[in-house]
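Engineer: Got a predicted structure here, sequence first:
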Amino acid sequence: MTIRRLYDRAYRSVRIGWTAACVWLRYKSPQWYDRLRGRDPELRDFSVIHQRNADHVFDTAVTLRGMLVKMCQVIGTRSDVFPPQYVKTLSQCHDRLPARPFEAIRAVVEEDFGKPLFEVFSEFSTTPVAAASLAQVHRARLKSGREVAVKVQYPDIEHIIRTDLAASRRVAAIYQRFDSNPMEFLPLMDELQKHLKMELDFRREAESAERVRSFFVDDPTVRIPEILHELCTRRVITMEFVDGVKVNDGEALSAAGVDYSDLMLRLMRIFNRMILAYGFFHADPHPGNILVTASDTGKANFTLLDFGLAKELPEGFGLGIFELMFSMMTFNESAMLRAFRELGFATKTGGEDTLLMIARRMIARSDTGAFQGEFTEDMTDEMFEAIRENPVVKVPTDFVLVARAFALLSGIAHTLGQRANALDAMGPTVA
């Protein structure tokens, strides 16, 4: 191991440990103070501290990048575990990441292809079009003249992830040993390690893209970029380049004459088809992963990007989601309880009192007194707040990912002044 790598490992470990210590002390100090003054720490409002700690974790992740960014993105999906300040702040980690130097990216491509870069490409932009936690994307042109997008994994990212996981596990173990009311961080580490192992092999992402592409062969308005498998390796994935505007870019959509209502209806049908009909879906539909082009008549055509987080759902899961939404709309508590069981919710005691409380709270939450077929961000926040207050509930990860996907789609809809009504979009979901 080189001196540089040893230094990097030590620096990352110390920075992670320092951040964790600051977060822990910000929570514990006011609790100790309250106890000294004879006050109940449970009555304190921690919202400001939550936000300050979330900002600190965010800054550390953006500085160190690597696994920490991925961990923040996972936390950003776990509204059932973490306060909303963490979820909202850390879910933005994909938006503000600096790019790696071009020469480092070039070295990975040449090593994996076994030849100089310009023996494969006639052009290769030195400036990436996107930079993420594990890789960045460059626009390029093949010798044949075809324009492509090339996603390249960062060098040494596996070493960085191993270092960060080891440091994070040590912090989690210490925290859970000394805290009287610990949060379950080690299972989160296990979940993250499983996802990262899959995401580091870009051949799996290519297979996921091809699988979703097959769902929409009958729909010319839905496009998944064609994968060039002969130019794909474990660290490099090459696909056709597709231009477009982000799905939430209202100004550009209006200029193209796109009907927002029709756009959202058909976008919801795309995700309904993946979740309800096929049980395999794109689990990260933030605006940067959905591009729109307009036809001559103003009809929106969609391009789905980045299948690093594609999820296989258990058999019958889609039906359980439908039953949950329909029972909320019809105030049917017994049907909601049945849907919760089918989706994998459980209590440690096996009783249903807690689930019934959550069901009643969800029904009461709707502003109109009835569920409108839309998993809004407020709706999912309310559900997961009820779950956090009653930690005996076991929440399936699959449900968390589906609820987050629908909440992201709802956020897009509200940006455009629309609703993301999953029930209205139930029509043509099966090919």
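Structural biologist: Thanks, I have it.

Engineer: Show me the shaky parts of the stretch 151-300 of the chain.
Structural biologist: Where the stretch 151-300 of the chain drops to pLDDT under 70, the residues are 179-188, 191.

Engineer: Helices of the stretch 101-250 of the chain, start to end?
Structural biologist: Under the criterion DSSP state H, counting those that start in this stretch, helices of the stretch 101-250 of the chain are mapped to 102-113, 117-120, 157-178, 185-199, 202-215, 250-255.

Engineer: Which among the ones you listed is found nearest to Y11?
Structural biologist: helix 157-178 (9.7 Å; C-beta to C-beta). To be clear about C-beta, it is placed using only N, CA and C from the backbone, and glycine gets the same treatment.

Engineer: quick one: buried residues of the closest one?
Structural biologist: Buried residues in helix 157-178, counted by 16 or more other C-beta atoms under 10 Å: 157-158, 160-161, 163-168, 171-172, 175.

Engineer: That one - contacts with which helices or strands?
Structural biologist: If you count contacts as 3 or more C-beta pairs under 8 Å, 6 or more residues apart in numbering; DSSP states H and E, helix 157-178 packs onto helix 3-36, helix 67-75, helix 185-199.

Engineer: ok, now which ones touch F121?
Structural biologist: For F121, the contact set (C-beta atoms under 8 Å, 6 or more residues apart in numbering) comprises 140-143, 150.

Engineer: Between the helices of the stretch 101-250 of the chain, which one is closest to D8.
Structural biologist: Nearest of these to D8, taken as C-beta to C-beta: helix 157-178 at 7.5 Å.

Engineer: if we can go back for a sec, and the buried residues of helix 157-178, which is closest to S295?
Structural biologist: Comparing the buried residues of helix 157-178 against S295 with C-beta to C-beta places I157 closest, at 39.6 Å.

Engineer: That closest one against R65, yeah?
Structural biologist: No: applying C-beta atoms under 8 Å as the test, I157 and R65 come out as separate, 9.0 Å apart.

Engineer: Let me see the ranges of the strands in the stretch 301-431 of the chain.
Structural biologist: Counting by DSSP state E, counting those that start in this stretch, the stretch 301-431 of the chain has these strands, from start to end: 310-312, 346-347, 393-394.

Engineer: Helices of the stretch 301-431 of the chain, residue ranges please.
Structural biologist: Ranges of helices in the stretch 301-431 of the chain, per DSSP H, counting those that start in this stretch, are 317-329, 333-343, 353-365, 377-389, 397-415.

Engineer: got CSV for these, with distance to M189 too?
Structural biologist: Output for the helices of the stretch 301-431 of the chain, formatted as CSV (distance: least, C-beta to C-beta, whole Å):
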stretch, distance to M189
helix 317-329, 25
helix 333-343, 24
helix 353-365, 26
helix 377-389, 19
helix 397-415, 14
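
Engineer: how about a markdown table for those helices, with mean neighbour count, distance to Q85 and mean pLDDT added?
Structural biologist: Output for those, formatted as a markdown table (neighbours: other C-beta atoms under 10 Å; distance: least, C-beta to C-beta, whole Å; pLDDT from 0 to 100):
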| stretch | mean neighbour count | distance to Q85 | mean pLDDT |
| --- | --- | --- | --- |
| helix 317-329 | 20 | 26 | 83 |
| helix 333-343 | 18 | 27 | 86 |
| helix 353-365 | 17 | 20 | 71 |
| helix 377-389 | 19 | 11 | 61 |
| helix 397-415 | 21 | 16 | 83 |
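
Engineer: quick one: which of those is nearest R9?
Structural biologist: Here helix 397-415 is closest among the helices of the stretch 301-431 of the chain (C-beta to C-beta), at 29.9 Å.

Engineer: No further queries at this time; thank you.
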